[in-house]
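Undergrad: Only the shape, not the letters, is given here:
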């Protein structure tokens with residue numbers, strides 16, 4: 001995410017909005033490119049801390065779509081950060097060398113679609129989402 005990089009964010013199931021600001025799950029605001037220019041690694045870390053469920057992905061990524069649908073099916077709404085090619089490297093390193101799409105729950109890396117499916121099939125996804133406040137009840 002270099003200065004002026006093409007980054008946008010959206011809540012699962014909604015149309016992405018242009019870079020700068022957007023609300024994640026209607027509860028908090030994410031500042032994608034704050035004034036003063038933040039290094040990419042710090043920006044990624046801050047975005048992960050600002051929302052309980054974050055997916056970093058490329059625009060049109062089919063695996064990201066599946067991740068969003070699964071999370072929505074269990075009642076969680078992920079904040080999706082769509083990255084350009086320059087930003088992908090920073091996101092992957094922030095995700096502990098995981099490739100994009102990269103999922104974070106409660107600020108911790110889950111991995112890609114395989115990590116999400118593993119959590120879901122083991123029965124740990126919903127409790128973890130509840131623990132971080134991404135689910136009600």
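TA: Now that the structure is in, tell me what you want to look at. The shown structure was predicted, so the numbers you read here are calculated from the model rather than taken from an experiment.

Undergrad: who's in contact with residue 132?
TA: For residue 132, the contact set (Cβ atoms under 8 Å, 6 or more residues apart in numbering) comprises 52, 53, 105, 106, 107. C-beta coordinates here come from the backbone N, C-alpha and C atoms, glycine included.

Undergrad: surely the fourth one meets residue 51?
TA: What it means is residue 106. No. Counting by Cβ atoms under 8 Å, residue 106 does not reach residue 51; the two are 9.8 Å apart.

Undergrad: So for these two, which sits in the more crowded spot?
TA: Neighbours per residue (other Cβ atoms under 10 Å) separate residue 106 from residue 51, with residue 51 holding more: 28 against 17.

Undergrad: Model confidence score at that one, please.
TA: Residue 51 carries a pLDDT score of 92 in this model.

Undergrad: Tell me the secondary structure at residue 56.
TA: Three-state assignment for residue 56 (DSSP: H, G, I helix; E, B strand; the rest coil): strand.

Undergrad: what about it, distance to residue 127?
TA: From residue 56 over to residue 127 the distance is 23 Å, taken as Cβ to Cβ, to the nearest Å.

Undergrad: Below-threshold pLDDT in the protein: ranges please.
TA: Along the chain, segments meeting pLDDT under 70 span 1-36, 85-98, 137.

Undergrad: residue boundaries of the helices in it?
TA: Listed in chain order, the helices of the chain (DSSP state H) span 40-50, 62-73, 85-94, 113-121, 125-131.

Undergrad: Perfect, I'm done here.
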